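Peer 1: Build the 3D model from these lines:
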Amino acid sequence: MKKIIVLIGIILLISIIIVFFQVNKPATSTVTINSAVFRVELARTSKEQTQGLSGRGSLPGDTGMLFLFDKPSYRSFWMKGMKFPLDIIFILNNKVVAVYENLPPASEDSNPPQYGSDVIADSVLEINAWESAKNNIKIGETVSIEIK
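Peer 2: Numbering: from 1, shown residues only. The predicted model follows:
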């Protein structure tokens, strides 16, 4: 009887751990442009958007971060706190409206340039540098976003 209670306890503990990690894992979705599919984390809140990819050492291939906004507006991004170069793709109504390629990390002692301040977007995709060129991503391309 004792063994059964211990076994039930272990099964219950494993179930709780599985549920915890499913609920607390970062939201992931996919963004498809041309034939390129990127698995992305979502940045929806102001806190998530402010943090972005800053402070990370790298980004696995074919992944990125998708910034989702409540309404279209002028968006401005910079490379402050970044440790690796990025491509930043501005999207409006599921169309690419601007592509900034191979943006270098900002040096610690500089005021980093801002990208996209003249572009209206409702979402912005950050991916590894050179992915835009590698996948022939240009202004006007259709973007498919699947949110999970």
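Peer 1: Just checking: what are the partner strands of the lengthiest strand in the chain?
Peer 2: With DSSP state E applied, the strand covering the greatest number of residues in the chain is identified as strand 63-74. Based on DSSP bridges, the strands next to strand 63-74 in the sheet, each with its direction, are strand 36-43 (parallel), strand 120-128 (antiparallel).
Peer 1: Quick check: what element follows the longest one along the chain?
Peer 2: This means strand 120-128. helix 131-134 (DSSP states H and E).
Peer 1: Next, the buried residues of that following helix.
Peer 2: Buried residues in helix 131-134, counted by 16 or more other C-beta atoms under 10 Å: Glu131, Ser132. Quick note: C-beta positions are derived from backbone N, CA and C, even for glycine.
Peer 1: same for that helix, what does it pack against?
Peer 2: Other helices and strands packing on helix 131-134, by 3 or more C-beta pairs under 8 Å, 6 or more residues apart in numbering; DSSP states H and E, are strand 36-43, strand 86-92, strand 95-103.
Peer 1: All set, thanks.
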